[in-house]
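Novice: A structural model of the following input is requested.
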Amino acid sequence: MKLGYHTGYWSSGPPAGVAEAVIEADRLGFDSVWTAEAYGSDALTPLAWWGAATKNIKLATNIMQMSARTPAAAGMAAITLDHLSGGRFMLGLGASGPQVVEGWYGQPYPRPLARTREYIDIVRKVVARETVEHQGEFFQLPYPGGAGLGKPLKSTVHPLRPEVPIFLAAEGPKNVALAAEIADGWLPLFYSPKVDGFFRAALAEGFGRPGARHTLDDFEVAASVPVLVHDDVEQAADFIRPMLALYIGGMGAKGANFHRDAIARLGYEAECDRIQDLYLAGDKKSAIAAVPTRMVEDLALIGPAAKIRDELPAWEETVITTLLVQGDVNAVRKVAELFS
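Specialist: You can find the predicted model right below:
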């Protein structure tokens, strides 16, 4: 299982110590570094800025939100960063959720899977330097109407590679199957060995569709998994609880929170309902306290180094090919030591 470093979301500014951690991850032989965006910082600028100081590590987005850019703009970014990095770029895409898509980007959210299929098709045409024509339900190139002067175009820049790896963020089984069918990799957010069989089945459905690009043997799964080496398990869990409470309670409306659904699938339906109710009522402190330690341990590797090493084999037997971790320079070094 390979290691990747995820820089995480910005808060009021850039995460402290990330630039040094990226350089250290590159030095220690991490396979990849990933940047995120929500509705503040973007994913591309930090990746280029921090990635410019690296030599070998792959540079990737996790995720670039599709509603933030037209598919042509995403393809242009892929060509550009792939050239600047010497062929190290990987494009991680995701649909985000209706609150962000409609509230921040002013785009419609319904039917995200069909929209994703068209989006990736256009991105691949741009990167391959094909003349781009697409008349779909969601995207039309050239645009029908307007000034009436649009014509099919192809990139002025010759790509360094005819393809860049495309990863798709997905949590529900239908979206996971779509990733297996049309993408080169999958970006799960909340994974656990407990649900490995469930997601193997979803992936198998996608691999079995006509025109699927891969099989499980050559498909990448890069999962964000918190890893925290700490002598006290409860104290380690306390660092993870606020993040889980936020995603369960605050990252989506009641009845339309895909993150909450993914965690409930682990057997925490009642716990997720309580956390969500508390969070939406404004009692974030109680919502955080309601996150059980066993939930954290299902979704993360926490505690003393010996405990984490004992738990690693279960993770290595899953479909995960790359473990994405976060933290400062010291955290990066501790994780590298665990996997050495």
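
Novice: dump the residue contacts of residue 1.
Specialist: Taking CB atoms under 8 Å, 6 or more residues apart in numbering, we find residue 1 in contact with 315, 316, 320, 321, 322, 323, 339. To be clear about C-beta, it is placed using only N, CA and C from the backbone, and glycine gets the same treatment.

Novice: restrict those residues to the buried ones and give me that as a ChimeraX selection.
Specialist: Buried subset of the contacts of residue 1, written as a ChimeraX selection, criterion 16 or more other CB atoms under 10 Å:
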select :315,320,321,322,323,339
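
Novice: list just the nearest of the contacts of residue 1 to residue 46.
Specialist: residue 322 (19.6 Å; CB to CB).

Novice: find the centremost residue of this structure, please.
Specialist: Of all residues in the chain, the one closest to the mean position by CA atoms, centre = their mean is residue 62, 3.7 Å from it.

Novice: ok, it to residue 32 distance?
Specialist: As judged by CB to CB, to the nearest Å, residue 62 and residue 32 stand 9 Å apart.

Novice: which residues are in contact with each of those two?
Specialist: 222, 324.

Novice: in the helix ranked longest in the chain, what counts as buried?
Specialist: Longest helix in the chain, counting residues (DSSP state H): helix 233-250. By neighbour count on 16+ other CB under 10 Å, the buried set for helix 233-250 is 233, 236-238, 240-241, 243-250.

Novice: got JSON lines for the residues you listed, with pLDDT and distance to residue 206 too?
Specialist: Shown next, in JSON lines, are these (pLDDT from 0 to 100; distance: CB to CB, whole Å):
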{"residue": "233", "pLDDT": "97", "distance to residue 206": "36"}
{"residue": "236", "pLDDT": "96", "distance to residue 206": "35"}
{"residue": "237", "pLDDT": "97", "distance to residue 206": "34"}
{"residue": "238", "pLDDT": "97", "distance to residue 206": "37"}
{"residue": "240", "pLDDT": "96", "distance to residue 206": "30"}
{"residue": "241", "pLDDT": "97", "distance to residue 206": "33"}
{"residue": "243", "pLDDT": "93", "distance to residue 206": "28"}
{"residue": "244", "pLDDT": "96", "distance to residue 206": "28"}
{"residue": "245", "pLDDT": "96", "distance to residue 206": "32"}
{"residue": "246", "pLDDT": "93", "distance to residue 206": "29"}
{"residue": "247", "pLDDT": "92", "distance to residue 206": "25"}
{"residue": "248", "pLDDT": "95", "distance to residue 206": "27"}
{"residue": "249", "pLDDT": "93", "distance to residue 206": "30"}
{"residue": "250", "pLDDT": "85", "distance to residue 206": "30"}
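
Novice: need the max-distance pair from the residues you listed.
Specialist: Maximum distance among the buried residues of helix 233-250 (CB to CB): 25.3 Å, for 233 and 250.

Novice: now do the end-to-end distance for stretch 210-222.
Specialist: End-to-end distance of stretch 210-222 (CA to CA, to the nearest Å): 24 Å.

Novice: can you list the buried residues in it?
Specialist: 214, 219, 220, 221, 222.

Novice: going along the chain, name the helices of the stretch 201-340 of the chain.
Specialist: For the stretch 201-340 of the chain, the helices defined by DSSP state H, counting those that start in this stretch cover 233-250, 258-264, 269-280, 284-289, 293-299, 305-316, 329-338.

Novice: output the contacting helices and strands for the first one.
Specialist: To tie it back to what came earlier, the one meant is helix 233-250. Helix 233-250 is packed against strand 227-229, helix 258-264, helix 269-280, helix 284-289, helix 293-299, strand 301-303, with contacts defined by 3 or more CB pairs under 8 Å, 6 or more residues apart in numbering; DSSP states H and E.

Novice: which of those sits closest to residue 148?
Specialist: Of the helices and strands packed on helix 233-250, the one closest to residue 148 (CB to CB) turns out to be helix 258-264, at 40.4 Å.

Novice: by contact count, what packs against the closest one?
Specialist: helix 233-250, helix 269-280.

Novice: could those go into TSV alongside distance to residue 95?
Specialist: TSV is the format used below for the helices and strands packed on helix 258-264 (distance: least, CB to CB, whole Å):
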stretch	distance to residue 95
helix 233-250	16
helix 269-280	21
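
Novice: thinking again about what came up before, hey, least reliable of the helices of the stretch 201-340 of the chain by pLDDT?
Specialist: With a mean of 91, helix 258-264 has the lowest mean pLDDT of those.

Novice: outside of it, which residues touch it?
Specialist: In contact with helix 258-264 (CB under 8 Å, 6+ apart) are residues 97, 171-172, 189-190, 244, 247-249, 251-252, 272, 276, 295, 299.

Novice: please repeat the previous calculation with a cut-off of 10 Å.
Specialist: The contact list for helix 258-264 (CB atoms under 10 Å, 6 or more residues apart in numbering) reads 95-98, 170-172, 175, 188-192, 195, 244, 246-252, 254-255, 257, 268-273, 275-276, 279, 291, 295, 298-299.
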